[in-house]
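In: give me coordinates for this.
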Amino acid sequence: MRTVVPSQPSGPLPTSWRECVGTGRMNLALRADYRDSLAQVQRDIGFRHIRGHGLLSDDMGLLRTDEVDGRTHTRYAFTYVDQVHDFFLEVGIRPFLELGFMPSQLASGDQTVFWWKGNVTPPRDHAEWVALVQALLRHQIERYGIEEVRRWPVEVWNEPNLAGFWKDADQAAYFRLFEETARAVKDVDAELQVGGPAICGGSDDAWWAPFADFVTSRDVPIDFVSRHAYATGPTQEIPFGTYQTLQPPAWLLGEFDVPRRYLEGTALAGLPVHITEFNTSYRPDNPIHDTAYNAAYLAPVLAGGGDLVDSFSYWTFCDVFEETNVPTSFFHGGFGMLTHRQVPKPTYHLYAFMARMGRDVLARGDDHLVCADPDGRVTVLAWQPVGGTDAPDAAAEHRVSLSLPVRGDVAFALRERVNEHDGNAFATWRELGRPMSPTSRELDLLRTCAAPAVEHDVLRAHDGRVDLDLALARHEVTFVELTPVTPTHHEGLDDRRILGVDDDRLVAAHERVRA
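Out: Have a look, this model is predicted:
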């Protein structure tokens, strides 16, 4: 059955999908592989903000103390913070500041998370914490200007509802931290944007009601709310890896909608909602992240998530990431869209395709998104629907048939596709024998085979429309761009006189353009 796509747009394509992207801890931004990867992501996709852990952790060196002659001297050192934020701005991305983890000099305990030991205990002295937060913000304002820093959201901590990220998941202690921090931020500048509680989902969504009550009853300033969303179940561990079950994409979109539903009728209803982490799996060693299935799964999430939230931040942009220690293999199930050495995964191409979609939405369905630009360019993102663990496995082929409005009589059609074979570096890596540390030659092969497959043709319009019939392979995501063609006359030019051309194909295309 052919879907007739309207010629008039229903509205602009939401930009929520590109408002923010996740990253490993801030210290990693000092490394060359990380910087090369982010620069590539910004060239091909162009995210607006970047969020990660560890801005205040010891390896960033922000809070320094020195014992001299029995006296403790304290200094705020911005050496690494400046290098990280300067680089972000150089490549066109702004920080989404996550305030954490606790500098050991301020910590009330020694509990840590991850192999790099981010301290997750409350401050021993809230006044010292406030002084640190305000010193950081004032330094940023002095360095980058108030108008710039006002565009950097400030999120208080990360997943305080989990005992692994906040000592004993102590709700009262987090609420106190939130209040102290929010007031500290606003004391620096009333227009700085502060929010939270950055909780993970599930049963802990019970935090929403007491959080709203606390903030409201104490008139605590808050400009946005934040939450995380993942679609996988309990872990099934193997050496240096994890497998998990997977809920369907519609379930993940439902997770995006949780803050709005829980806060309906409260004073926080209507605040911007930021999903500051999302992905299929919450583990950095789950092979699902490396696959074409991951891209096909997330396609409807990117297409529809903007209806529900103001931003949803893919966790993460690259595999330079070390929460569970240094990765043991080139492909290892890391969160990143890129693995090491800037090799794209299929999900990277999904995002790059989204970055090339037109400005306005013409149609959206279970397996397609159609957009257009004012200049007549029409773009199509199509995917094979997948349904999670309990759904039937995807068929070998999925067909999408569309009737598309075009400007003029002829359109040039460019198609790029990613599936289990095409544009799939993970598949190539397996065919190469799964090398843990690829050689230079193997890296070249991976990069070559990571490029989407490309095909092109000329389509003749009838009554302002062209028919587009797409056969999608298993777990495929495909991008089609239709560009109006204006023929140019070349005196005496006759392609049939060129030796060695494919006469039938070339002449047929030529005649379609001339007709």
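In: how about residue 220, nearest residue that isn't a chain neighbour?
Out: The shortest distance from residue 220 to any residue other than its chain neighbours is 4.8 Å, reached at residue 179 (C-beta to C-beta, 6 or more residues apart in numbering). Yep, even glycine has a C-beta here, placed from its N, CA and C like the rest.
In: residue ranges of the helices in this structure, please?
Out: For the chain, the helices defined by DSSP state H cover 32-44, 79-90, 126-144, 146-149, 171-188, 208-217, 249-256, 258-263, 292-304, 346-355, 425-431, 440-450, 503-514.
In: enumerate the beta-bridge partners assigned to residue 225.
Out: Taking DSSP bridges as the rule, residue 225 bridges to residue 196, residue 273.
In: contacts only, for it.
Out: Residue 225 is in contact with 195, 196, 197, 259, 263, 268, 271, 272, 273, 274, counting by C-beta atoms under 8 Å, 6 or more residues apart in numbering.
In: relative to residue 414, how far out is the closest residue to residue 378 other than its chain neighbours?
Out: The shortest distance from residue 378 to any non-neighbouring residue, by C-beta to C-beta, 6+ apart, is to residue 482 (4.3 Å). The span separating residue 482 from residue 414 equals 8 Å under the rule C-beta to C-beta, to the nearest Å.
In: between those two, point out the one with more neighbours.
Out: More crowded of residue 482 and residue 414, by other C-beta atoms under 10 Å: residue 482, with 26 against 14.
In: list the contacts of the nearest residue to residue 157 once chain neighbours are set aside.
Out: The shortest distance from residue 157 to any non-neighbouring residue, by C-beta to C-beta, 6+ apart, is to residue 100 (4.9 Å). By C-beta under 8 Å, 6+ apart, residue 100 lies in contact with 53, 54, 55, 56, 57, 118, 120, 157, 158.
In: go on, residue 444?
Out: So residue 444 contacts nothing (C-beta under 8 Å, 6+ apart).
In: gap between it and residue 425?
Out: Distance, residue 444 to residue 425, using C-beta to C-beta: 12 Å.
In: need the overlap of contacts for the two.
Out: Common contact partners of residue 444 and residue 425 (C-beta under 8 Å, 6+ apart): none.
In: number of nearby residues for the closest residue in space to residue 348 that isn't next to it in sequence?
Out: Spatial nearest neighbour of residue 348, excluding adjacent residues (C-beta to C-beta, 6+ apart): residue 337 at 3.9 Å. When neighbours are defined as other C-beta under 10 Å, residue 337 has 28 of them.
In: mind listing what residue 337 touches?
Out: By C-beta under 8 Å, 6+ apart, the residues touching residue 337 are 41, 314, 316, 317, 318, 344, 345, 347, 348, 351.
In: between those residues, which sits nearest residue 19?
Out: Residue 19 has its nearest neighbour among these in residue 314, at 10.8 Å by C-beta to C-beta.
In: give me the pLDDT for the closest one.
Out: Here, the pLDDT recorded for residue 314 equals 98.
In: looks like it contacts residue 19 (just checking).
Out: No: between residue 314 and residue 19 there is no contact under C-beta atoms under 8 Å: 10.8 Å.
In: what about these two, which has more around it?
Out: residue 314 (26 against 20).
In: beta-bridge partners for that one, please?
Out: residue 21, residue 278.
In: now do the contacts for it.
Out: 21, 22, 278, 279, 337, 347, 351.
In: need these in TSV with distance to residue 140, can you?
Out: Rendered in TSV, the data for those read as follows (distance: C-beta to C-beta, whole Å):
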residue	distance to residue 140
21	20
22	20
278	27
279	29
337	27
347	32
351	28
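In: among those, the buried ones, what's the PyMOL command?
Out: Of the contacts of residue 314, the buried ones can be selected in PyMOL as follows, counting by 16 or more other C-beta atoms under 10 Å:
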select buried, resi 21+22+278+279+337+347+351
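In: quick one: which of the contacts of residue 314 is nearest residue 88?
Out: Using C-beta to C-beta, residue 21 is the member of the contacts of residue 314 that sits closest to residue 88, with 11.2 Å.
In: list the contacts of that closest one.
Out: Applying C-beta under 8 Å, 6+ apart, the residues near residue 21 are 41, 47, 49, 50, 51, 93, 313, 314, 316, 317.
In: and these, which are buried?
Out: Here, 16+ other C-beta under 10 Å leaves 41, 47, 49, 50, 51, 93, 313, 314, 316, 317 buried among these.
In: out of the helices of the chain, which comes closest to residue 486?
Out: Comparing the helices of the chain under C-beta to C-beta, the one sitting nearest is helix 503-514, at 9.4 Å.
In: so what's residue 181 scoring on pLDDT?
Out: 98.
In: surely residue 308 touches residue 256?
Out: Yes: Residue 308 lies in contact with residue 256 (C-beta under 8 Å); the separation is 4.4 Å.
In: between the two, which is the more surrounded one?
Out: Using other C-beta under 10 Å as the criterion, residue 308 and residue 256 rank with residue 256 on top: 23 against 20.
In: where does pLDDT dip in the protein?
Out: The model of the chain has pLDDT under 70 over residues 203, 502-515.
In: quick one: the residue nearest to residue 157 from residue 174, how far?
Out: Look at residue 100 and residue 174: by C-beta to C-beta, they are 11 Å apart.
In: mind listing the shared neighbours of those two?
Out: With C-beta under 8 Å, 6+ apart, residue 100 and residue 174 have common neighbours residue 157.
In: residues near the closest residue to residue 243 other than its chain neighbours, how many?
Out: Using C-beta to C-beta, 6+ apart and skipping the chain neighbours, the partner closest in space to residue 243 is residue 236 (4.4 Å). Per other C-beta under 10 Å, the neighbour tally for residue 236 reads 11.
In: gap between residue 236 and residue 254?
Out: 24 Å.
In: same thing with residue 261?
Out: 9 Å.
In: again with residue 74
Out: Distance from residue 74 to residue 254, by C-beta to C-beta: 47 Å.
In: and those two? Which one has more around it.
Out: Legend: neighbour count by other C-beta under 10 Å for residue 74 and residue 254, higher for residue 254 (16 against 12).
In: list the contacts for the residue nearest to residue 378?
Out: Neighbours of residue 482 in contact, by C-beta under 8 Å, 6+ apart: 377, 378, 379, 380, 404, 406, 411, 412, 413, 459, 466, 468.
In: burial count for the fourth one?
Out: Other residues lying near residue 380 total 26 when counted by other C-beta under 10 Å.
In: next: the first one.
Out: Per other C-beta under 10 Å, the neighbour tally for residue 377 reads 19.
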